[in-house]
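Visitor: coords please:
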Amino acid sequence: MQTDEGETQAARQHEARRRALARRRAQADQYKNKGRGTPPPVTGRRHENVQTEKFLEELLERPSETEASCQTDPFLDRPVSPPFIPAVVTAEAETQVYPGELFDFNGEVEPILDLLVGKTLEQSIAEVIEEEQEMLKALQHGEQMGQQTKKEVQDKQKSGANEDSEAENDSSQGVLSLEYLPETLPDVLAGLKHAGYNINDIKTDFGEDIMPWLLKEVQNELKHMVSSKDILTDIVREIVETRGEVYRVMKDEDAEILDLGSDDESAKKDEETREQEENPNQDLENVDQNIASDETNKDMEQMEDCEISYKNQRELESKMSEHNKEDLDDNKEIVDEEDTNNDLKLSARVEENETGSVKHLIPEISEIEDKKTQDNGEVES
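Guide: Residues are numbered from 1 along each chain as shown. Take a look at the predicted model:
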C-alpha cells in the first residue's frame, strides 16, 4: 500500500524490526560489559542490599557426624475418657415452698387416682363383655349352621319320600287301570250290542282301518321295547351276577340258616330272563291274537314275578340280617345300592308295560265311542 511520503507499509515494518534488533544487541553488550549479576528489577520495583555473611555455611566433602543413644518408654494404657458434661446455659435459682402453700396431696390427688382406677376398670369390663358377645355370636352362628344342615337333610329326606310315594302311586294307578280296563271292556261291548249296534260292522271297521295302523304302532313300540329290554336284561344280568356272588359267599358261610326256596325262585327268574333274551320277537308273533288280554296277562304275570322276587329278596335280607349282622356290615352298602337300582328299573319296567298296554286299548275304545256318537246323531236327525 503506497503512503503520502512514498514509502510502503512493508518497508516501515522492516525498519521497525531492524531497530528492535539493534536495541537488543546494545543491551546484550551492556550486560556483558557489567559482568554476571542480578538482573534489573521489574518495572515498579527496586533492589535492596542485604548482608548474608552470617548465613554462609562451609560445604565439606564429608559432613560431621555424631552418635547418641535413646530409650523409648513402654506403651501406657489409654486413660478413661471423662464423661461429657454439657455446659450450663441457664441461670440457676432456688426457692422454698412451705407445706400447705400449693395443694393438699391427700385431698386433691386421691380423687384423681379414684377416677383413673374407675376408668381402667370400666374399660376392662367393656372389653370382657365384647369378648363374651363375640363368643356368643360364634356359638349362635354354629347353631344356625347346624340347624341349616339339619333342615337340608330333612328336605332331602322329604323329597326322597315324596318321590317314593309318587312312584308307588303311579305304579298302583297303572295296576288299577290294568285291572279295571279288562273288566269294563266286555261290559261296554255288551251294552253296545244291547243298544242295537252291529258289532260285526265295528269289527270289520276295526280290522280294516284300525288294525293296520295299530300293527305298525305296535311294531314300532315293540322295537323300542326290545331295545330297552336288551338294556334291561344286561343290567339285570349284572345285578344277578353280583348278587349271586354275594349270596354264594353267604350261602357257604350259613348254608343251614338260609332258605333254599328263594334260590329256586331266583333261578326261575334267571331262566325267564334268558328265554326273553333268546326270543326277543316273541311278542310280534302274538300281536294278532287277542292283544288286550295277552298284554294285560303278561304284564300282570311280570308284575307278580317282580313282586315275588322282590319279597323273596327282602326276606333273605331280613333273615341274613338277623343271623349274620357282623358279616352283612361290609356288604350292606352294595346291597342297598343294588336294591335301589332294581326298584327304579322295576318301576320303569312297570310304567313301560302299563303305557304299552293302555296304548293298545285306547284306540279301540275311542273308535267305539265315536261310532256311538255318530249313531246317536243319525237317530236324532
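
Visitor: rest of the way, CA atoms for contacts and neighbours
Guide: OK.

Visitor: so where's the stretch 1-150 of the chain shaky on pLDDT?
Guide: 1-7, 31-37 (pLDDT under 70).

Visitor: Just list what the helix or strand containing E217 packs against, helices and strands only.
Guide: Following DSSP states H and E, one finds E217 within helix 211-253. Contacts defined by 3 or more Cα pairs under 8 Å, 6 or more residues apart in numbering; DSSP states H and E place helix 211-253 against helix 261-278, helix 282-285, helix 325-380.

Visitor: need the least confident one among those, by mean pLDDT.
Guide: Among the helices and strands packed on helix 211-253, helix 282-285 carries the lowest mean pLDDT, a mean of 46.

Visitor: and stretch 230-247, C-alpha only, in PDB?
Guide: Once non-C-alpha atoms are left out, stretch 230-247 reads as follows in PDB (Å, rounded to 0.1, in the frame of the first residue of the first chain):
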ATOM      1  CA  ASP A 230     -81.900-105.700  25.900                       C
ATOM      2  CA  ILE A 231     -80.500-102.900  28.000                       C
ATOM      3  CA  LEU A 232     -82.700-104.000  30.900                       C
ATOM      4  CA  THR A 233     -81.600-107.600  30.600                       C
ATOM      5  CA  ASP A 234     -77.900-106.600  30.600                       C
ATOM      6  CA  ILE A 235     -78.500-104.500  33.700                       C
ATOM      7  CA  VAL A 236     -80.400-107.400  35.400                       C
ATOM      8  CA  ARG A 237     -77.700-109.800  34.400                       C
ATOM      9  CA  GLU A 238     -75.000-107.700  36.000                       C
ATOM     10  CA  ILE A 239     -77.200-107.300  39.200                       C
ATOM     11  CA  VAL A 240     -77.900-111.000  39.300                       C
ATOM     12  CA  GLU A 241     -74.200-111.900  38.800                       C
ATOM     13  CA  THR A 242     -73.100-109.600  41.600                       C
ATOM     14  CA  ARG A 243     -76.000-110.800  43.900                       C
ATOM     15  CA  GLY A 244     -75.100-114.400  43.000                       C
ATOM     16  CA  GLU A 245     -71.500-113.800  44.100                       C
ATOM     17  CA  VAL A 246     -72.600-112.200  47.400                       C
ATOM     18  CA  TYR A 247     -75.200-114.800  48.100                       C
END
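
Visitor: What residues of that stretch count as buried?
Guide: L232, T233, V236, I239, V240, Y247 (16 or more other Cα atoms under 10 Å).

Visitor: need those in JSON lines with pLDDT and distance to S177, can you?
Guide: Shown next, in JSON lines, are the buried residues of stretch 230-247 (pLDDT from 0 to 100; distance: Cα to Cα, whole Å):
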{"residue": "L232", "pLDDT": "76", "distance to S177": "24"}
{"residue": "T233", "pLDDT": "79", "distance to S177": "26"}
{"residue": "V236", "pLDDT": "81", "distance to S177": "27"}
{"residue": "I239", "pLDDT": "84", "distance to S177": "30"}
{"residue": "V240", "pLDDT": "81", "distance to S177": "31"}
{"residue": "Y247", "pLDDT": "77", "distance to S177": "37"}
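
Visitor: so which of those would you say is closest to D155?
Guide: Nearest to D155 among these: I239, at 30.4 Å, using Cα to Cα.

Visitor: what about stretch 43-53, start to end distance?
Guide: End-to-end span of stretch 43-53 (Cα to Cα, to the nearest Å): 29 Å.

Visitor: Give me every residue in contact with it, excluding its own residues.
Guide: If you take Cα atoms under 8 Å, 6 or more residues apart in numbering as the criterion, stretch 43-53 is touched by P41.

Visitor: let's have the chain start at 473 instead
Guide: All right, first residue 473 from here; so that's stretch 515-525.

Visitor: name the helices or strands packed onto the helix or strand where N634 lies?
Guide: N634 belongs to helix 577-666 when assigned by DSSP H and E. Packing contacts for helix 577-666, counted by 3+ Cα pairs under 8 Å, 6+ apart, involve helix 671-677, helix 763-795, helix 797-852.

Visitor: redo that, cut-off 7 Å
Guide: Helix 577-666 is packed against helix 797-852, with contacts defined by 3 or more Cα pairs under 7 Å, 6 or more residues apart in numbering; DSSP states H and E.

Visitor: Show the model's pLDDT score for N769.
Guide: pLDDT, N769: 57.

Visitor: picking that back up, output the buried residues of stretch 702-719 in a markdown table, with distance to E604 appended to each entry.
Guide: Output for the buried residues of stretch 702-719, formatted as a markdown table (distance: Cα to Cα, whole Å):
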| residue | distance to E604 |
| --- | --- |
| L704 | 63 |
| T705 | 65 |
| V708 | 61 |
| I711 | 58 |
| V712 | 61 |
| Y719 | 59 |
